[in-house]
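1. After the sequence you'll find the predicted model.
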Amino acid sequence: MSFWLMKSEPDAFGIDDLKRRGTEPWSGVRNYQARNFMRDRMRPGERAFLYHSSCEAPGIYGVLEIAGTAYPDPTQFDRKSPYHDKAATREQPRWFLVDVKFVRKLERPILLSELRAREQELHGLMLLRKGSRLSIQPVSAEHWDQILALE
DNA sequence: GCCAACGTTGGC
DNA sequence: GCCAACGTTGGC
């Protein structure tokens, strides 16, 4: 059982959008490491933090659940999509996604600044590593519990 | 295979 | 808007 952190920009797709939609394909990931996590490691039923980046108060805003195993991201085949990839074919898709399901919105966001302030306990958390920009990150079970306890 | 140039991410 | 860090591309 693994835990995860998934980033989005709230202007594009935030926790309230997910709440409204219920389940949503996590499309548009174009980073191999993040893809590999979704394709090779994520299992249905696992949980992830929804982290909001590039906004006024970056932090964790909600919890979601991995709703299924990975499948090819359809936007890679769509010429009109900003995520179109002309090197991808249906026979050999390059990009994968999972569906994610809304679990809950946190009572209050757990801000990046708070996580930073607890760098000692959260030692090794990928989010706090300098220069770490990965949009999908594993979170250890221990860190998961520690972070939720801050709510 | 190296590496410079370029593009993107994301906090501040 | 700035800039550090990282990933990708493409010439050689």
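-> Thanks, I have it.
2. now the helices: where do they sit in chain A?
-> For chain A, the helices defined by DSSP state H occupy A:15-21, A:32-36, A:112-117, A:141-148.
3. elements contacting the third one?
-> If I follow you right, that is helix A:112-117. strand A:59-66 (3 or more CB pairs under 8 Å, 6 or more residues apart in numbering; DSSP states H and E). The C-beta positions use only the backbone N, C-alpha and C, and glycine is treated the same way.
4. Which neighbouring elements make contact with the strand it packs on?
-> Using 3+ CB pairs under 8 Å, 6+ apart: strand A:59-66 touches strand A:3-8, helix A:15-21, strand A:47-52, strand A:99-111, helix A:112-117.
5. Would you tell me which of these gets closest to A:Asp73?
-> strand A:99-111 (11.2 Å; CB to CB).
6. one step back: most packed of the helices and strands packed on strand A:59-66?
-> Among these, strand A:47-52 has the highest mean neighbour count (mean count of other CB atoms under 10 Å), at a mean of 23.
7. re earlier: would you list the helices of chain A in JSON lines and tack on distance to DNA strand C and mean pLDDT?
-> Converted to JSON lines, the helices of chain A look like this (distance: least, CB to the nearest atom of the strand, whole Å; pLDDT from 0 to 100):
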{"stretch": "helix A:15-21", "distance to DNA strand C": "22", "mean pLDDT": "97"}
{"stretch": "helix A:32-36", "distance to DNA strand C": "5", "mean pLDDT": "96"}
{"stretch": "helix A:112-117", "distance to DNA strand C": "15", "mean pLDDT": "96"}
{"stretch": "helix A:141-148", "distance to DNA strand C": "19", "mean pLDDT": "97"}
